[in-house]
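**Student:** For reference, the sequence and a predicted model appear below.
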Amino acid sequence: MPNHFKALFNRGFAFDKIGEFDKAIADYSTAISIDPTNAFTFYNKGISLDRKGDFDEAIKSFSKAIELEGTKADFYHNRGFAYRKKREYQNAIRDYTKAIQLD
């Protein structure tokens with residue numbers, strides 16, 4: 001079942017854990033095309049992008065997760081990490097502060 005959302009999501013997660021970030025990102029992207037309302041897919045894609053070193057795209061993905069579900073502290077926390085890695089410290093502080101407020 002090549003278009004099974006949960007299978008793609010889980011395989012993306014597994015690929016991320018073994019360091020196959022491009023494969024993880026591809027699976028998350030396909031899962032997003034199936035269900036573009038699942039905030040956790042954008043969040044996990046952001047993690048893989050961040051681990052790959054693509055901080056700009058990671059921030060976009062975390063931002064979409066926040067747009068869909070803005071009450072998850074982890075979403076802000078990880079976007080803050082990506083901002084910090086880009087040396088955008090004010091943005092990082094803003095996101096860390098929001099994460100603390102939520103959790």
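**Tutor:** Looks like it arrived, so ask away.

**Student:** got the contact list for stretch 43-58?
**Tutor:** Stretch 43-58 is touched from outside by 9, 12-13, 15-16, 19, 21-22, 24-25, 28-29, 32, 59-62, 65, 72, 74-75, 78-79, 81-83, 85-86, with contacts defined as Cβ atoms under 8 Å, 6 or more residues apart in numbering. Quick note: C-beta positions are derived from backbone N, CA and C, even for glycine.

**Student:** What is the burial count for Ile47?
**Tutor:** A count of nearby residues for Ile47, using other Cβ atoms under 10 Å, gives 23.

**Student:** again with the one 4 residues further on
**Tutor:** Around Arg51 there are 14 other residues, counting by other Cβ under 10 Å.

**Student:** From Glu69, how far out is it?
**Tutor:** 21 Å (Cβ to Cβ, to the nearest Å).

**Student:** What of Thr41?
**Tutor:** For Thr41, the distance to Glu69 equals 11 Å [Cβ to Cβ].

**Student:** coming back round to it: quick check on the contacts of stretch 43-58: which are buried?
**Tutor:** Burial by neighbour count, 16 or more other Cβ atoms under 10 Å: within the contacts of stretch 43-58 this picks out 9, 12-13, 15-16, 21, 24-25, 28, 32, 59-62, 65, 72, 75, 78-79, 81-83.

**Student:** among those, which are in helices?
**Tutor:** 9, 12-13, 15-16, 21, 24-25, 28, 32, 59-62, 65, 75, 78-79, 81-83 (DSSP state H).

**Student:** Show me what stretch 84-95 is in contact with.
**Tutor:** Contacts to stretch 84-95, defined as Cβ under 8 Å, 6+ apart, come from residues Asp50, Phe55, Asp56, Ile59, Tyr76, His77, Arg79, Gly80, Phe81, Tyr83.
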